[in-house]
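Participant: 3D, please:
(one chain, ligands or ions: 2)
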Amino acid sequence: MANSQMTPGSTFQYILSNQMPSAVAWVRGGTAHPAISGLVKFYQTPYQGILVEAEIFNLPGVNQQGSTGFFAMHIHQNGNCANNFANVGPHMGAPGSMHPFHSGDLIPLLANQGYAWTAFYDKRFTIRDILGRSVIIHMNPDDFRTQPSGNSGSMIACGEIRTS
Ligand SMILES: [Cu+2]
Ligand SMILES: [Zn+2]
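Facilitator: Ligands and ions are numbered 1, 2, ... in the order given. Below you'll find the predicted structure:
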């Protein structure tokens, strides 16, 4: 591991390949898109932030005119995906700050024929902050401007964040 080429990025690659996530969210589609499934993993790092890896299958809009393939992804306040996600509440961190300054505002997914994989580093929250909350995927891209949630449309998939 140790050599002169080390950067945080190489540490993150090592973590993704060799470590266990500290928290996970198994994502399932709602009534409008029941085929969506996937897993979001949250890893501790030697730095202050969290490494997030998401792999999601069967996102909608494949070969559909006008679909950008981008889907907003957020952490919402409540870890309760029941009743087609009616009780997930606002974005984590929403009281007291504007979108997209919420700690739950994440990098969006980019679907390729319905498949999305992404990994990113995020210093806005700790593992303790996110346990018992939910990952939500929305139908539309996040415009990172409109209040309170980036005009990201309906909630199409949800996963409760738990210790792994
Ligand atoms: Cu959201
Ligand atoms: Zn937000």
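Participant: Every contact and neighbour count from this point should use C-alpha atoms.
Facilitator: Will do.
Participant: which residues of the chain score low on pLDDT?
Facilitator: Along the chain, segments meeting pLDDT under 70 span 1-4.
Participant: Please give me every residue in contact with the residue in it that ligand 2 sits nearest to.
Facilitator: The nearest approach of the chain to ligand 2 comes at His99, 3.9 Å away (Cα to the ion). The neighbours of His99, taking Cα atoms under 8 Å, 6 or more residues apart in numbering as the test, are 105, 144-150.
Participant: Repeat the analysis, applying 10 Å as the threshold.
Facilitator: Neighbouring residues of His99 by Cα atoms under 10 Å, 6 or more residues apart in numbering: 91, 93, 105, 142-150.
Participant: Now it. Its backbone dihedrals?
Facilitator: Backbone dihedrals for His99, given as degrees, to the nearest 10, come out at phi -70, psi 140.
Participant: ok, now how distant is it from Lys123?
Facilitator: According to Cα to Cα, to the nearest Å, His99 stands 16 Å off from Lys123.
Participant: Check Ile137 too.
Facilitator: To Lys123, Ile137 is 20 Å away according to Cα to Cα.
Participant: Comparing the two, which shows the higher neighbour count?
Facilitator: Between Ile137 and Lys123, Ile137 has the larger neighbour count (other Cα atoms under 10 Å), namely 28 against 11.
Participant: Just the helices from the protein, written as ranges.
Facilitator: Under the criterion DSSP state H, the chain contains helices at 8-18, 82-85, 127-130.
Participant: Done for today, thanks.
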